[in-house]
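**Student:** below are the sequence and a predicted model; questions follow.
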Amino acid sequence: MQKRTQWLGGYIRWGKRGPAFIIHRHIDGRRYHVSTKCRTEEAALEQLAAFEADPAAYKPGARGARGPARPVVVTLTADLITEYVEWMVSRPYSPATTRHADRHFLRLKEWLRVYRGRDIREVPLSELAEYLHDKRMQTMRIQALKSFCAWLRTTKYLLKRSEDPTLDLKEPPRKATKDYRPVAIPPERILAVLPHLPPTSRDVMVLRLGTGWHNSEVERFASTGRIHETPGRTIMLMTAHGPQQVPLLAVLRVRHKIGGETNTPILYPEHLAAAKRLQARGRIPNQLTLNRHTSQACAVAGVPRFLNWHLRHTVVSNALQEGADLEHASVFVGHLNVDTTQRHYAQLDLPRKAVPVLRVLGGGKGR
């Protein structure tokens with residue numbers, strides 16, 4: 001749902017592209033509800049004046065819809081960078097974290113050496129690419145500059161799209177699938193650690209092993225989640241021997257941070273019992289405490305140390321090795337797209353089919 005705030009002429013609708021100023025008035029018994037096609041309050045006020053002069057003949061976007069005239073020269077300055085960073089952390093839609101804004105600030109300070117007071121519109125793409133020969137921080141430098149220029153276009157209206165030199169500036173490719181390291185923990189190591197954990201931390205680990213949840217999902221479940229028990233119901237379990245009908249004990253429901261809900265099936269009583277205890281407690285230890293408890297339990301059990309974030313990868317890896325396919329594993333752990341599962345876990349997916357091939361007895365060496 002889009003967020004709305006008020007302004008002098010009506011309300012502001014906030015979307016992915018930023019604010020949209022809407023005129024909402026009742027004049028002489030008639031209701032007017034029209035967009036100004038502006039994204040700055042200064043430009044919207046000009047549109048409001050044009051509307052009030054003749055509401056019936058008003059045409060959105062006329063007479064200054066894009067705000068004041070653009071300056072002759074647009075230069076990258078420290079003051080402009082500071083204004084951009086402050087806008088990042090204070091914007092009503094998807095505000096940036098302080099850490100992310102600080103990283104953009106540092107990278108944009110580096111770009112000051114490239115522009116040296118020159119007009120942004122006159123710096124060719126070839127010169128920008130030449131500066132990016134240094135691979136260190138290359139992706140963040142490109143992201144920061146492209147985001148800054150987009151702000152100049154869509155919020156400040158200092159650039160036209162045709163004048164933005166960063167539109168054709170490409171980010172380096174992401175890591176290939178083969179670069180993802182498997183971090184699954186052998187089941188015997190986890191079983192050796194469980195008895196040495198404090199009760200609440202043990203319940204968190206047991207529940208994560210039964211659901212594949214992130215730690216944040218367990219935290220939200222403990223405070224606001226629901227348990228829907230399903231006596232007599234069955235569910236299809238994907239195994240190496242084919243699909244099997246097994247009893248479904250319950251469905252755990254927890255809301256996402258940004259809406260929607262996760263519905264995770266529970267097949268085994270130990271996972272359901274852990275879920276009930278955590279829900280009765282209402283909260284769980286924080287991530288640092290859980291990792292400390294796990295490290296201490298690993299030391300007592302005499303096994304190599306692992307961290308709690310390894311548990312989700314362990315659940316998915318075990319499911320694939322036991323016969324589940326990528327699509328079912330993706331739905332179970334709540335990936336928005338099976339491509340995410342493919343990218344991280346494809347190397348663990350065992351082949352499902354084979355065809356007869358030519359045998360070479362004795363390795364082809366003969367008798």
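**Tutor:** It's in.
**Student:** in the lengthiest strand in the chain, what's buried?
**Tutor:** Taking DSSP state E as the criterion, the chain has its longest strand at strand 18-27. For strand 18-27, the neighbour count (16 or more other C-beta atoms under 10 Å) marks 18, 19, 20, 21, 22, 23 as buried. C-beta coordinates here come from the backbone N, C-alpha and C atoms, glycine included.
**Student:** what mean pLDDT does stretch 281-300 have?
**Tutor:** Mean pLDDT, stretch 281-300: 91.
**Student:** quick one: pLDDT of residue 23?
**Tutor:** In this prediction residue 23 is given a pLDDT of 88.
**Student:** now do the helices in this protein.
**Tutor:** Under the criterion DSSP state H, the chain contains helices at 41-53, 78-90, 98-115, 125-131, 138-154, 187-193, 199-211, 215-224, 269-281, 287-301, 310-321, 326-333, 338-345.
**Student:** which one of the ones you listed lies closest to residue 27?
**Tutor:** helix 41-53 (8.7 Å; C-beta to C-beta).
**Student:** turn the helices of the chain into a markdown table, including mean neighbour count and distance to residue 247.
**Tutor:** A markdown table is the format used below for those (neighbours: other C-beta atoms under 10 Å; distance: least, C-beta to C-beta, whole Å):
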| stretch | mean neighbour count | distance to residue 247 |
| --- | --- | --- |
| helix 41-53 | 18 | 60 |
| helix 78-90 | 15 | 50 |
| helix 98-115 | 15 | 46 |
| helix 125-131 | 13 | 61 |
| helix 138-154 | 19 | 49 |
| helix 187-193 | 15 | 22 |
| helix 199-211 | 22 | 14 |
| helix 215-224 | 19 | 22 |
| helix 269-281 | 17 | 10 |
| helix 287-301 | 16 | 30 |
| helix 310-321 | 20 | 18 |
| helix 326-333 | 18 | 17 |
| helix 338-345 | 17 | 26 |
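**Student:** who wins for proximity to residue 232 among those?
**Tutor:** Taking those one by one with C-beta to C-beta, helix 269-281 is closest: 15.1 Å.
**Student:** for that closest one, packing partners?
**Tutor:** helix 199-211, helix 215-224, strand 226-229, strand 250-255 (3 or more C-beta pairs under 8 Å, 6 or more residues apart in numbering; DSSP states H and E).
**Student:** could you export the helices of the chain as TSV, including distance to residue 261?
**Tutor:** What follows is the helices of the chain, written out as TSV (distance: least, C-beta to C-beta, whole Å):
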stretch	distance to residue 261
helix 41-53	37
helix 78-90	29
helix 98-115	28
helix 125-131	44
helix 138-154	32
helix 187-193	28
helix 199-211	14
helix 215-224	11
helix 269-281	16
helix 287-301	23
helix 310-321	19
helix 326-333	14
helix 338-345	19
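**Student:** tell me the one of the buried residues of strand 18-27 nearest residue 141?
**Tutor:** residue 18 (23.6 Å).
**Student:** how close does the residue lying closest to the closest one once chain neighbours are set aside get to residue 32?
**Tutor:** Of all residues not flanking residue 18 in the chain, residue 39 sits nearest, at 5.2 Å (C-beta to C-beta, 6 or more residues apart in numbering). Separation of residue 39 from residue 32 (C-beta to C-beta, to the nearest Å): 20 Å.
**Student:** neighbour-wise, which of these two wins?
**Tutor:** Neighbour count, other C-beta atoms under 10 Å: between residue 39 and residue 32, residue 39 has more, with 20 against 15.
**Student:** may I have the phi/psi pair for that one?
**Tutor:** phi -120, psi 10 (degrees, to the nearest 10).
**Student:** what sits against it?
**Tutor:** Going by C-beta atoms under 8 Å, 6 or more residues apart in numbering, residue 39 touches 17, 18, 19, 20, 21, 154, 155, 157.
**Student:** thinking the first one is in contact with residue 155, fair?
**Tutor:** Okay, so that is residue 17. No: counting by C-beta atoms under 8 Å, residue 17 stays clear of residue 155, with 9.6 Å between them.
**Student:** okay, those two: which has more neighbours?
**Tutor:** Shown here are residue 17 and residue 155; by other C-beta under 10 Å, residue 155 has more neighbours (18 against 11).
**Student:** got the contact list for the nearest residue to residue 333 once chain neighbours are set aside?
**Tutor:** In this structure, residue 333 finds its nearest non-sequential neighbour in residue 212, 4.2 Å apart by C-beta to C-beta, 6+ apart. The contact partners of residue 212, by C-beta under 8 Å, 6+ apart, come to 264, 311, 312, 315, 316, 319, 332, 333.
**Student:** please redo it, this time with the cut-off set to 7 Å
**Tutor:** Taking C-beta atoms under 7 Å, 6 or more residues apart in numbering, we find residue 212 in contact with 312, 315, 316, 332, 333.
**Student:** tell me the one of those nearest residue 187?
**Tutor:** residue 315 (10.5 Å).
**Student:** from residue 127, how far off is that closest one?
**Tutor:** Residue 315 is 49 Å from residue 127, by C-beta to C-beta.
**Student:** grab the nearest non-local neighbour of residue 241.
**Tutor:** Counting by C-beta to C-beta, 6+ apart, the residue nearest residue 241 is residue 323, at 7.0 Å.
**Student:** I'd say that neighbour and residue 244 touch.
**Tutor:** No: taking contacts as C-beta atoms under 7 Å, residue 323 lies outside contact range of residue 244: 9.8 Å.
**Student:** between those two, which is the more surrounded one?
**Tutor:** Per other C-beta under 10 Å, whichever of residue 323 and residue 244 has more neighbours is residue 323, with 17 against 12.
**Student:** widest-spaced pair of the contacts of residue 212?
**Tutor:** 312 and 332 (10.9 Å).
**Student:** now stretch 303-312: how far from the chain's centre is it?
**Tutor:** Mean-position distance between stretch 303-312 and its chain equals 23 Å (C-alpha atoms, centre = their mean, to the nearest Å).
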